[in-house]
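Engineer: pasting the structure only:
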């Protein structure tokens with residue numbers, strides 16, 4: 001503790017010794033006390049008052065420091081606050097020590113409860129977002145951060161949710177004291193997402209200023225399953241009708257007029273095998289597309305060496321390329337790493353694009369497959385790091401008015417040619433949904449007579 005100032009020391013000395021000193025001076029002036037004993041008594045009074053004032057101020061200073069430490073929540077206030085502690089101040093000091101211990105224990109309890117509360121909220125399986133009185137987010141748990149994370153690592157989807165008119169109206173009602181609210185919200189970008197939002201007003205507000213809790217239920221998967229069932233029945237019944245009718249017709253023919261015709265039986269069995277293979281591919285593509293749609297709202301995890309994956313898929317495509325006498329030229333950058341990415345789904349994208357180039361490109365033509373890093377800031381691509389997969393052919397090309405519909409289910413530019421080539425009409429639809437799940441971009445460029453080029457941009461690890 002610093003020494004008390006001279007002014008405070010003199011004031012305290014005067015307060016303590018003023019009356020005795022005045023009394024001794026009065027006795028000396030009235031001749032009641034001899035001069036030398038009176039002067040000695042006066043000097044003793046001044047010295048005792050000065051000593052007592054210094055002790056008193058020192059004790060008060062140490063007591064003030066103890067109270068300051070108690071206010072800060074410190075519990076380790078020393079039992080001995082200093083020498084010559086006055087009895088009354090000692091009692092006050094003991095009360096301060098007890099108060100400090102109690103405050104510290106309560107602070108520790110509050111801290112433990114707050115940490116437990118934060119841990120529980122953080123580990124809740126359902127997404128939870130806390131908003132302040134202005135509707136701005138103050139915190140979000142791990143499930144909410146995972147739900148709204150974008151490829152760039154920010155929470156862009158959360159901002160889109162908070163700007164939704166239905167949520168804004170429900171939030172105003174909740175803050176106005178109308179109680180809990182519940183609202184269904186559909187977010188169209190970056191992928192379609194269906195959310196049920198429960199708004200729970202907090203009164204009084206939370207310690208961090210939170211006024212409303214948003215408890216989110218992601219219904220996207222459930223709705224996708226419902227749509228998948230309906231779409232699968234509708235699409236399968238429509239697309240399987242023709243090959244199934246052909247197979248049934250050939251079976252009836254083999255049982256009847258062609259029963260003993262070996263040549264017709266061989267030809268019909270070959271056609272039946274082709275139709276059965278077509279139905280198998282159709283069902284496989286429908287199921288694959290449905291699985292992708294169910295998880296489309298959930299970004300993938302992991303990283304994929306796109307160059308190595310492209311080389312493996314190009315080698316696996318050799319039989320189809322040989323059947324079409326097509327030449328495949330590759331240009332694969334080894335540093336093209338897609339992340340986050342799903343290797344199985346990206347392999348499906350490569351297979352579908354290469355099959356399309358082989359089936360619909362020029363027979364005996366050239367197919368170009370390239371994988372490269374995309375420079376950030378290029379006008380056609382996002383500003384963040386990415387890789388670009390390109391598949392180009394020199395076939396007859398596609399008229400421009402067809403391009404916007406190429407990724408629709410079962411859309412075919414030339415239905416007869418597509419069926420003869422063995423296509424199901426789902427390849428580019430699968431590519432589109434896989435690219436959407438990866439938060440990427442798909443571009444198809446073509447001119448009649450000039451071939452077709454398909455480019456896929458995917459997010460990538462920073463170089």
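Structural biologist: Good, I have the coordinates. Quick caveat: nothing in here was measured; it's all calculated off a predicted structure.
Engineer: quick one: the helices in the stretch 301-450 of the chain?
Structural biologist: 306-316, 318-323, 343-360, 415-421, 427-437 (DSSP state H, counting those that start in this stretch).
Engineer: right, and these - which one's nearest residue 144?
Structural biologist: Checking the helices of the stretch 301-450 of the chain against residue 144 by CB to CB gives helix 427-437 as the closest, at 19.7 Å. For every residue, glycine as well, the C-beta is placed using N, CA and C.
Engineer: What lies in contact with the closest one?
Structural biologist: The contact list for helix 427-437 (CB atoms under 8 Å, 6 or more residues apart in numbering) reads 190-191, 285, 288-289, 292-293, 295-300, 342, 345-346, 348-349, 352-353, 355-356, 406-409, 441-442, 444, 454, 456, 458.
Engineer: In three-state terms, label residue 214 for me.
Structural biologist: Following DSSP: H, G, I helix; E, B strand; the rest coil, the label given to residue 214 is strand.
Engineer: how close does it sit to residue 23?
Structural biologist: 78 Å (CB to CB, to the nearest Å).
Engineer: of those two, who's got more company?
Structural biologist: residue 214 (24 against 13; other CB atoms under 10 Å).
Engineer: my guess is that one meets residue 198, correct?
Structural biologist: Yes - when contacts are counted by CB atoms under 8 Å, residue 214 is listed as touching residue 198 (7.3 Å).
Engineer: For residue 456, identify the helix or strand it belongs to.
Structural biologist: Element membership of residue 456, judged by DSSP states H and E, is strand 452-459.
Engineer: Note down every partner strand of that strand and its orientation.
Structural biologist: Sheet pairing here is set by DSSP bridges, and for strand 452-459 it gives strand 386-393 (antiparallel), strand 441-446 (antiparallel).
Engineer: May I have the beta-bridge partners of residue 213?
Structural biologist: residue 130, residue 200.
Engineer: Help me confirm that it comes into contact with residue 197.
Structural biologist: No - if you go by CB under 8 Å, residue 213 and residue 197 don't touch, sitting 10.4 Å apart.
Engineer: who's more crowded, the two?
Structural biologist: residue 197 (21 against 18).
Engineer: May I have the secondary structure class of that one?
Structural biologist: Reduced to three states by three-state DSSP, residue 197 is strand.
Engineer: my read: it touches residue 187, true?
Structural biologist: No - contact between residue 197 and residue 187 fails when scored by CB under 8 Å: they sit 10.9 Å apart.
Engineer: Report the secondary structure state of the residue sitting furthest away from the middle of the chain.
Structural biologist: Relative to the centre of the chain, and counting by CA atoms, centre = their mean, the farthest-placed residue is residue 31 at 94.5 Å. In the three-state summary, residue 31 is assigned as coil, counting by three-state DSSP.
Engineer: Find me the pLDDT at it, would you?
Structural biologist: Residue 31 is assigned a predicted lDDT (pLDDT) of 75.
Engineer: The one 10 residues further on too?
Structural biologist: Per-residue confidence (pLDDT) for residue 41: 79.
Engineer: Now for it: which residues touch it?
Structural biologist: 24, 33.
Engineer: what do you get if the cut-off is 6 Å, keeping everything else the same?
Structural biologist: Residues counted as contacts of residue 41 (CB atoms under 6 Å, 6 or more residues apart in numbering) are residue 24.
Engineer: For it, give its distance to residue 54.
Structural biologist: Counting by CB to CB - residue 41 and residue 54 are separated by 21 Å.
Engineer: which secondary element of the protein has the worst mean pLDDT?
Structural biologist: Lowest mean confidence among the helices and strands of the chain (mean pLDDT, DSSP states H and E): helix 415-421, at a mean of 52.
Engineer: State whether residue 184 is indeed within a helix.
Structural biologist: No - per three-state DSSP, residue 184 lies outside any helix segment and is strand.
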